[in-house]
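**Q** I would like the atomic coordinates for the input below:
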Amino acid sequence: MSFQPEVVAVGGIGVMAFASMQQLVDYIIHDDGSVFAGSAVAINPEKVMKAQQDAAIRQMLNQAELRYADGMGVVKVMRKKLGRQVQRVPGCETWEALMHKAAAKQVPVFLIGAKAAVLQQTRDKLVALGVPVVGAVDGYFKDQAALIEQIAASKAKVVTVAMGSPRQEQFIQQAKQRCPDCYFMGVGGTYDVFTGNVKRAPALWCKLNLEWAYRLVDQPSRIKRQWSLVEYLWLYVRGKL
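**A** Just a heads-up that it's a prediction; the model follows:
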């Protein structure tokens with residue numbers, strides 16, 4: 001493709017600047033049905049902090065061929081460094097938009113992750129939308145090598161992995177060596193949200209970029225994870241990102 005996104009360093013991770021979610025979707029699935037070959041990872045403040053603390057995680061994230069900003073904290077750093085508008089690209093919505101384009105262009109999709117029941121619901125819902133789902137394996141598989149061979153045999157072009165970070169990135173790193181022509185995307189808890197098993201933040205909270213706060217209210221056990229946002233903010237204020 002002619003368009004090449006600018007890359008901005010955020011806490012040691014090179015994040016790509018996209019003007020809109022649709023621009024990213026079109027960058028991944030082209031109008032002729034071909035796909036961007038490689039892996040993608042959504043970068044948010046929590047991942048930036050993990051990368052700050054663990055060089056192996058930082059290296060793994062930077063090895064993804066596509067790194068986009070899914071977090072306003074990351075977007076604010078990018079806007080400041082570039083001096084122009086950069087759009088946040090939320091992972092859940094991006095995945096859904098990608099699935100709609102896969103249906104329109106009949107791009108074969110392979111689903112990995114989540115509990116068996118959630119995965120089945122996800123598959124059924126996507127098939128109803130016209131998405132050609134060529135394989136689906138839940139997150140409790142035993143043989144990683146066998147699963148990777150199953151992906152290769154399926155002729156999938158898009159593989160989405162919902163196993164949480166960094167496990168999904170570690171799996172993708174291995175799988176893309178065997179399937180270099182596929183597009184791999186780590187999607188965390190997206191299947192749960194897509195099927196309604198996990199509540200999404202109300203529209204107003206999303207508009208105000210307060211989804212993290214809604215999740216904390218809904219799941220107080222996330223408090224330890226959310227502390228990383230405070231650490232991130234402190235680095236941002238000091239200009240250390």
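**Q** sec struct for residue 134, please.
**A** Using DSSP: H, G, I helix; E, B strand; the rest coil, the structure places residue 134 in strand.
**Q** do the same with residue 67
**A** Classification of residue 67 using three-state DSSP returns strand.
**Q** ok, now how distant is residue 83 from residue 239?
**A** 15 Å (Cβ to Cβ, to the nearest Å). In short, each C-beta sits where N, CA and C put it, glycine included.
**Q** an error on my part: the question was meant for residue 177.
**A** 38 Å.
**Q** which strands and helices sit next to the helix or strand containing residue 26?
**A** Per DSSP states H and E, residue 26 falls inside helix 21-28. If contacts are counted by 3 or more Cβ pairs under 8 Å, 6 or more residues apart in numbering; DSSP states H and E, helix 21-28 sits against strand 66-69, helix 91-105.
**Q** again, 10 Å this time
**A** Judged by 3 or more Cβ pairs under 10 Å, 6 or more residues apart in numbering; DSSP states H and E, helix 21-28 is in contact with strand 38-43, strand 66-69, helix 91-105.
**Q** what is the rounded mean pLDDT of that helix?
**A** Confidence over helix 21-28 (mean pLDDT, whole number) is 95.
**Q** so that helix versus helix 91-105, what angle?
**A** Relative orientation of helix 21-28 versus helix 91-105 (axes from the mean of the first three to the mean of the last three Cα atoms, to 10 degrees): 50 degrees.
**Q** could I get the full set of helices for this structure?
**A** Ranges of helices within the chain are 21-28, 45-53, 55-62, 72-82, 91-105, 116-128, 144-154, 167-178, 190-194, 203-207, 211-218, 223-237, based on DSSP state H.
**Q** now distance to residue 5 and mean neighbour count too, for those helices, in a markdown table please.
**A** A markdown table is the format used below for the helices of the chain (distance: least, Cβ to Cβ, whole Å; neighbours: other Cβ atoms under 10 Å):
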| stretch | distance to residue 5 | mean neighbour count |
| --- | --- | --- |
| helix 21-28 | 8 | 18 |
| helix 45-53 | 18 | 21 |
| helix 55-62 | 15 | 16 |
| helix 72-82 | 11 | 20 |
| helix 91-105 | 14 | 20 |
| helix 116-128 | 27 | 16 |
| helix 144-154 | 27 | 15 |
| helix 167-178 | 20 | 18 |
| helix 190-194 | 22 | 23 |
| helix 203-207 | 24 | 11 |
| helix 211-218 | 24 | 16 |
| helix 223-237 | 22 | 14 |
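**Q** residue 34: which of those is closest?
**A** helix 91-105 (9.1 Å; Cβ to Cβ).
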